[in-house]
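Turn this into a model:
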Amino acid sequence: MNKEKLIKYWTENSDEDFDTMITMLENHKYNWALFIGHLLIEKLLKALYLKTNNEYPPFIHNLLSLAEKCRLDLDEEQKIFFATVTAFNINARYDDYKMSFQKKCTPEFTSDWVEKIKSNRKWIKKLIIQ
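Next up, the predicted model:
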């Protein structure tokens, strides 16, 4: 697959995950909404990595590391965003973290983070199409 097709693949898959995140939020599956939020940001960063570096993205899930490998000049708030959303992947996936993460994922907490994910999604998509 060529570069443009791969970027399109990552971006379209991210869009599908965005819809899933919203569905999970609407159905009160808050921990899963945030887990899917991690996936959609990861896919966008992998598309951006491919665009920026002209090579297939690394097989990592750490969003801060991916963002840095995309050569993004991140402020402290963005670094915290990527580090926190990376934790959603771990906390939703592994049983020993799930229970405490589920308790943390109140409607308010989840809605706040979904809004941050939406905002960063728009920003990364803009970088991809530039």
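
who touches the residue nearest to residue 125 when sequence neighbours are not counted in this structure?
Once flanking residues are discounted, residue 125 sits nearest to residue 44: 6.4 Å by Cβ to Cβ, 6 or more residues apart in numbering. Using the backbone N, CA and C atoms, a C-beta is placed for each residue, glycine as well. Residues near residue 44 by Cβ atoms under 8 Å, 6 or more residues apart in numbering: 10-11, 14, 121, 124-125, 128.

quick one: which helix or strand includes residue 44?
Secondary structure assignment for residue 44, by DSSP states H and E: helix 30-53.

possible to save the contacts of residue 44 as TSV with secondary structure?
Listed next are these as TSV, based on DSSP: H, G, I helix; E, B strand; the rest coil:
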residue	secondary structure
10	helix
11	helix
14	helix
121	helix
124	helix
125	helix
128	helix
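
how much space between the residue most central in space within the chain and residue 120?
Geometric centre of the chain, nearest residue: residue 41, 2.2 Å, by Cα atoms, centre = their mean. Distance, residue 41 to residue 120, using Cβ to Cβ, to the nearest Å: 6 Å.

what's the angle between the one helix or strand residue 82 maps to and helix 30-53?
Per DSSP H and E: residue 82 is located in helix 76-93. If you take axes from the mean of the first three to the mean of the last three Cα atoms, to 10 degrees, helix 76-93 sits at 130 degrees to helix 30-53.

Check which element follows helix 76-93 along the chain.
Next element after helix 76-93 (DSSP H and E): helix 95-104.
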